[in-house]
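Enquirer: Kindly return the folded structure for what I paste below:
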Amino acid sequence: NFKFVISNLKPHSKIKHQKWIVKKFGEQNIVFLGILEPSLLSVEYRDLLESPYSSVKKTLKEVQKKFGDLKDLKIILLSHSGMDFDKKFAKKFPQIDWIIGSHSQAFTQLTVDINNTKIVQVLSRNHYLGHIKIAANIKAKDSFKVIEVRDELKDKWKKNLMLTWLDEYKTSIDKIQLEEQKLMTTDSGIFSHKANTAASCIECHKEQSEFWQGTAHSIAYVTLENAKSGNNPNCIGCHSLN
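Expert: All right, here's what the predicted structure looks like:
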């Protein structure tokens, strides 16, 4: 039932989509467009897309035909094209109020302003959320801020059913991973070797060990255990000895 908002997808693609959608918010009509830069796809898929420039130009004409003056609308472009491309796009289409971008690893703590267009990207391994506040009043100004995603945020939703589900899921996966590791390893007892612990370093390196114990590195594996991921091969490499 999912439908994409993408303005430069050709009809023969058979992918369910809309070239643009409009949402009423207070006094504002907010129009969402979407583009994907064709060169980012494998060669065999590029034919599914039209030029983003010509597609958005045609789409804006459709919007203008329905609503009249584009200045009375709030136009937001969802772009999977990269920051450099988005900057060029903003110069070419000053009618666009916001470009919410992706693909390039840009992290905009403030908006990148090109004329009247504000460009934002928040790609940081899910450590941050970008929050755009659209003013309901036509004369009021929009705003943008970055929200740090900390563990404490989960406590603000008291009836978060996902937490129970995730806890059970991690416990089950941890058991499976432990069984898999037992099948892939053998211990004859003759050649078994255990890595030295921090205790073997502290005796000769007191100053360094005191500093280390004050950092998150000293509890790296405990953190993993608390997260029920002590046997997750994707995590162990960064939370244990290599």
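Enquirer: neighbours of Gln177, just the number please.
Expert: Around Gln177 there are 17 other residues, counting by other Cβ atoms under 10 Å. Quick note: C-beta positions are derived from backbone N, CA and C, even for glycine.
Enquirer: Contacts only, for His239.
Expert: Ala220, Tyr221, Thr223, Leu224 (Cβ atoms under 8 Å, 6 or more residues apart in numbering).
Enquirer: buried subset of the residues you listed?
Expert: Buried members of the contacts of His239, scored by 16 or more other Cβ atoms under 10 Å, are Leu224.
Enquirer: Go through the contacts of His239 and flag which are in helices.
Expert: Applying DSSP state H to these, the entries found in helices are Ala220, Tyr221, Thr223, Leu224.
Enquirer: I'd like to know which of the contacts of His239 is nearest to Phe93.
Expert: Thr223 (46.2 Å; Cβ to Cβ).
Enquirer: Can you tell me what sits against stretch 213-221?
Expert: The contact list for stretch 213-221 (Cβ under 8 Å, 6+ apart) reads Ala198, Trp212, Thr223, Gly230, Cys238, His239, Ser240.
Enquirer: could you give the mean pLDDT of the longest strand seen in the chain?
Expert: In the chain, assigned by DSSP state E, the strand with the most residues is strand 28-36. The average pLDDT for strand 28-36 rounds to 95.
Enquirer: And stretch 154-169, by the same measure?
Expert: Computed over stretch 154-169, the mean pLDDT rounds to 82.
Enquirer: Kindly reformat the contacts of His239 as JSON lines containing distance to Lys57 and pLDDT.
Expert: JSON lines is the format used below for these (distance: Cβ to Cβ, whole Å; pLDDT from 0 to 100):
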{"residue": "Ala220", "distance to Lys57": "52", "pLDDT": "84"}
{"residue": "Tyr221", "distance to Lys57": "56", "pLDDT": "82"}
{"residue": "Thr223", "distance to Lys57": "51", "pLDDT": "82"}
{"residue": "Leu224", "distance to Lys57": "51", "pLDDT": "81"}
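Enquirer: Out of the contacts of His239, which is nearest to Pro94?
Expert: Closest to Pro94, out of all of those and judged by Cβ to Cβ, is Thr223, at 48.0 Å.
Enquirer: Identify the residue spatially nearest to the closest one, adjacent ones excluded.
Expert: The shortest distance from Thr223 to any non-neighbouring residue, by Cβ to Cβ, 6 or more residues apart in numbering, is to His239 (6.7 Å).
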